[in-house]
Each structure stands twice: as structure tokens, then as C-alpha cells.
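S.K.: structure of the sequence below:
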Amino acid sequence: MNEQPPMFFKIHIPEHPLLEFIENIIYYSGYCPPHSKDKLLPDGHVEMVIDLTDTQKHVYDNRDLSEQSSYRRGWLSGIRKEFITIESAQNSSMMVVRFRPGRALPFFGIPLSEFENQVVEMESIWGSDFLWLREEIIEATTPSGRIAVLEKHLLRIAHRRLEFNQSVDHAVKLLSNASGLTIAELRNRIGFSHRHLVSLFHKHVGIGPKYYSRLMKFQTVLAALELQQKLNWTWIAQDCGYYDQAHFINEFRQFSGLTPTSYLGEKGEYLNYIPIH
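M.R.: Here you go, the predicted structure:
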């Protein structure tokens, strides 16, 4: 009987200047989960995935779990307004670049709204550059060598535009840290018109500020659920900026497909992750 290769998992924190744009780079190999699908909840991030195997990976319909689309070699997962259901591929090997909210634009050069709720193969974005990068990564013999190849390429492709919009960055931080902040209050703090603020968010973040604010409230709830041992749903709803418990439950269901109570019984080991058996 053939033995499965050992699982390897590494979270790499890049150094400056990539650290200003990328939260982390995850590299793993030999991943063999006991379930067939994963539900990933929307978290306000854009991620680039480089698949180091040659097998297709699938995305499924969120409702009936029928196969919806498939991807090979690498793809960009744009900012999502709802959860996504993906394949838990056996013996998979991947590298995942997790961009900081509002700071992925320099690496792709087109408004991030073009990728909203989309999974787009990297070949259609970077062309042959992506194929050369992937081959160079595969040829590297160690995890650190593979990460070094990827970082070098990221610096090269973005070096002439490696900067982020300070106003958008400030707005993103305000919405992430103040669950009760209204968009009118945000406009006053930033000093932009509603139209200009929305335009900047679509370009740099991928969605408008109002929807991003809703995502951040949802993320605040998930973080609170990880920390609290005794749960009071009414208190959680109020603390996270919801009008009432009904509003809270409706928002939670839209972003996760579950009620808060059901989520607690199904959530996985990591935040924003639910295994589907």
C-alpha cells in the first residue's frame, strides 16, 4: 500500500516592502483532508493561489453543491460578498498569497472590482509570466527557496507602482475597527464625496465602503465567537453594531449560509473555514 507523503505547512511573513502589502504567504504540501469540500467565508481579502500540482480544482454551487467551474495551475480569488464552496483536494500542494485589504492593486494593475466574487485563472492576468513563475517555483528544492522565488517575482512585477492609497487605507482601518461607524461619518473623516469614496473603494478594495463595512461587522462577530465561552446573542449583536437580533441573524446567514448557532456546530479549526463532509 502506498504511503501518503507527510504534511508540510508553513506561514511566512514577508519583510519590508512586501510586508506593507501582503499579510502572509502560506505554503503547504501533502494536504489530505478527511472531507471533500471546504466552505470559505467572506473576509474582505484578495488571495492569489499557485497550485503546484497539475490536477484541476473545482468550485461548487453554494446551494446544491454541483460542480460550477474548475481551475488549474493558479488563480486569483477576488473579494467576496458571500461564501464560496471549493474542493478539498487530496495530496494538494499550494502557495497562497494573502493581500492586505486595499493593497493588492499594485500587483495586478486593474481595479480590484473586476475580480469581485470571481475566481480568475492567473494566466489570464499575468499571461506567460505566471507560467514561468510557477515553473521556477516548482524547480526550487526547498520551501524557503520556493517562497524566495515568489517574493522576488512579486517585487519585480510591482516595483514601479509599489504604493497604496493613504486615504483608502485609513478608511479601511476605520471600518475594520469601528463597528458602529456610518458611511456618512466615514466620509466626514476622510473628507471625500460619497461618489469619490465609492470609486476609490471599488478600485483599491474591490467593493464599496458600505458592503465592506457589513463584512467587517460579520468578521467582528466571528472573532467574538472565538473568544467568548458564554454566549449571549443579543449582547454580541449590540456590541458588533447591529440594529437588533433579527438584523444580526439575517446578516450572519447571508455571509455564512448558516444561523449563528448552526455555525458553532459546523465551524472548522481556522477562522472563516467550515469543512463539508
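S.K.: could you give the average pLDDT over the helix or strand where Phe248 lies?
M.R.: In the assignment (DSSP states H and E), Phe248 maps to helix 245-256. The predicted model assigns helix 245-256 a mean pLDDT of 93.
S.K.: next, the buried residues of the helix ranked longest in the chain.
M.R.: The longest helix of the chain (DSSP state H) is helix 209-227. The neighbour-count check on helix 209-227 (16 or more other Cβ atoms under 10 Å) flags 209, 211-222 as buried. The C-beta positions use only the backbone N, C-alpha and C, and glycine is treated the same way.
S.K.: again, but for stretch 193-201
M.R.: Buried residues in stretch 193-201 (16+ other Cβ under 10 Å): Leu197, Val198, Leu200, Phe201.
S.K.: likewise for stretch 95-112?
M.R.: Applying 16+ other Cβ under 10 Å to stretch 95-112 flags 95-108, 111-112 as buried.
S.K.: scan this protein for its longest strand.
M.R.: strand 22-31 (DSSP state E).
S.K.: CA atoms only: put that one into CSV for me.
M.R.: Provided in CSV are the C-alpha atoms of strand 22-31 (Å, rounded to 0.1, in the frame of the first residue of the first chain):
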residue,chain,number,x,y,z
ILE,A,22,0.9,41.2,2.0
GLU,A,23,-0.2,39.7,5.3
ASN,A,24,1.4,36.3,4.7
ILE,A,25,2.4,33.7,2.3
ILE,A,26,1.2,30.2,3.1
TYR,A,27,3.0,27.1,1.6
TYR,A,28,1.7,23.6,2.2
SER,A,29,2.1,20.2,0.6
GLY,A,30,0.8,16.7,1.2
TYR,A,31,-2.6,18.0,2.4
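S.K.: after that strand, which helix or strand is next?
M.R.: Beyond strand 22-31 on the C-terminal side, the first helix or strand identified by DSSP H and E is strand 37-40.
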